[in-house]
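**Q** here is the input, now give the coordinates:
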Amino acid sequence: MKPWTLACLAAAALLAACSSDKDASSATGAGSTGADATGGYGAGGPGGAGGMGGAGGSGATPGSQEDLVRTAGDRIFFDTDRSTLNSQALATLDKQVAWLRTNPQVSVWVAGNCDERGTEEYNLALGQRRASADRDYLVAHGVDRGRIETISYGKSRPINPASTPEAWAQNRNAITSVK
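**A** Purely as a prediction, here's the structure:
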């Protein structure tokens with residue numbers, strides 16, 4: 001067999017192994033930013049598809065990542081070089097507060113992320129400020145601080161790897177994930 005034929009067969013096998021019996025409509029939340037089902041973070045890390053969330057109660061297991069994404073949204077976005085919460089971020093965080101009150105057994109990770117511009121050190125610090133701003137808002141609105149851990153990935157885990165203003169806007173975020 002030719003090498004490219006083997007490569008095609010291997011790719012097909014990998015895709016088949018990654019398929020799921022799950023209904024495709026439940027694999028992503030409303031307002032998806034194009035990330036994969038784990039938000040590009042892999043098992044155990046921040047993620048969840050879905051952007052700003054959508055209608056809840058559509059079959060997701062209560063307290064799950066999918067439930068968070070569908071009910072409240074799992075990510076907020078920031079302006080360039082900023083860690084201040086804008087009105088859209090506040091609306092999402094208010095939904096997250098309500099969701100966390102409804103699911104008191106759930107603990108979460110908040111990951112701060114940046115676009116590719118700037119040094120690694122600068123972006124790690126900015127990502128931490130973004131994660132902390134998210135956490136501090138949740139805590140100020142009644143969520144126990146012990147239920148929230150923060151981490152900064154700086155620019156190392158982009159949602160969109162393109163070097164465009166649109167991609168940079170998607171990558172300037174804080175993502176909340178169920179532990």
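
**Q** where does the prediction get shaky in the protein?
**A** Counting by pLDDT under 70, the ranges of the chain that qualify are 1-58.

**Q** burial of the closest residue to Val178 other than its chain neighbours, as a residue count?
**A** Nearest in space to Val178, with sequence neighbours left out and distances taken as CB to CB, 6 or more residues apart in numbering, is Gln65 at 4.6 Å. C-beta: built from backbone N, CA, C; applies to glycine. Neighbour count of Gln65, defined by other CB atoms under 10 Å: 25.

**Q** verify the stated contact: Gln65 with Asp74.
**A** Yes. Assessed by CB atoms under 8 Å, Gln65 is found in contact with Asp74 at 7.3 Å.

**Q** can you pull out the strands in the chain?
**A** 75-77, 108-113, 148-154, 173-178 (DSSP state E).

**Q** tabulate these (JSON lines), appending mean neighbour count.
**A** What follows is the strands of the chain, written out as JSON lines (neighbours: other CB atoms under 10 Å):
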{"stretch": "strand 75-77", "mean neighbour count": "25"}
{"stretch": "strand 108-113", "mean neighbour count": "26"}
{"stretch": "strand 148-154", "mean neighbour count": "20"}
{"stretch": "strand 173-178", "mean neighbour count": "26"}
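
**Q** export these to JSON lines and append columns for distance to Leu138.
**A** Below are these laid out as JSON lines (distance: least, CB to CB, whole Å):
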{"stretch": "strand 75-77", "distance to Leu138": "11"}
{"stretch": "strand 108-113", "distance to Leu138": "8"}
{"stretch": "strand 148-154", "distance to Leu138": "6"}
{"stretch": "strand 173-178", "distance to Leu138": "8"}
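
**Q** longest helix anywhere in this protein?
**A** Counting by DSSP state H, the longest helix found in the chain is helix 120-140.

**Q** residues making contact with that helix?
**A** With CB atoms under 8 Å, 6 or more residues apart in numbering as the test, helix 120-140 has contacts from 76, 78, 81, 83-85, 89-90, 93, 96-97, 100, 110-114, 118, 145, 148, 150-156, 172-174, 176.

**Q** likewise for stretch 171-179?
**A** Taking CB under 8 Å, 6+ apart as the rule, stretch 171-179 contacts 39, 41, 45-48, 63-65, 68, 74-80, 96, 106-116, 130-131, 133-134, 149, 155, 158-160.

**Q** are any of the residues you listed buried, and which?
**A** 39, 41, 45-48, 63, 65, 68, 74-78, 96, 106, 108-115, 130-131, 133-134, 155, 158-160 (16 or more other CB atoms under 10 Å).
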